[in-house]
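J.: I would like to see how this sequence folds:
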Amino acid sequence: ITLQLFFSFFKTLVGKEIAVELKNDVVLTGTLHSVDQYLNIKLTNVSVVNENRYPQLTALKNCFIRGSVVRYVQINPSDVDTELLQDATRKENSSEITAATTSSSVEVKS
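T.: Numbering: from 1, shown residues only. As a prediction, this is how the structure comes out:
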């Protein structure tokens, strides 16, 4: 599965509430404002899940999160369009199979 599939999926979640767990164990919740092809995330209406542990982040209202520091993204299951995701995965899989069979074809000349 390519990064493009995840990018397309996250674009469908713009405006939805998500939780982002970072590799340094900070968990932020907020509204997904935007995502780019590197899976960098911009959140609005941000709150910190563990305010006692990270009091310096309580004043945070909007933030930009570099995709490479994200461990997990938690999404409300009702916000996921499973049919769209399954269709996109099938298309991605079929294009990879087509590309693999095309590139593995050998032309034999006599």
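J.: where are the low-confidence patches of the chain?
T.: By pLDDT under 70, the weakly predicted segments of the chain are 1-2, 95-110.
J.: what segments of it are strands?
T.: With DSSP state E as the criterion, the chain has strands at 17-22, 27-35, 41-48, 63-65, 70-75.
J.: quick check: can you name the pairing partners of the fourth one and their directions?
T.: Here the strand partners of strand 63-65, with direction, are listed using DSSP bridges: strand 41-48 (antiparallel).
J.: ok, residue 84 - contacts?
T.: Applying CB atoms under 8 Å, 6 or more residues apart in numbering to residue 84 gives the contacts residue 12. Placement of C-beta: from N, CA and C, glycine included.
J.: hmm, I typed the wrong one, I wanted residue 82.
T.: Residues in contact with residue 82 (CB under 8 Å, 6+ apart): none are found.
J.: and it, how far from residue 9?
T.: 11 Å (CB to CB, to the nearest Å).
J.: thinking again about what came up before, among the strands of the chain, which is nearest residue 4?
T.: Set against residue 4 and scored by CB to CB, the strands of the chain come closest in strand 27-35, at 12.1 Å.
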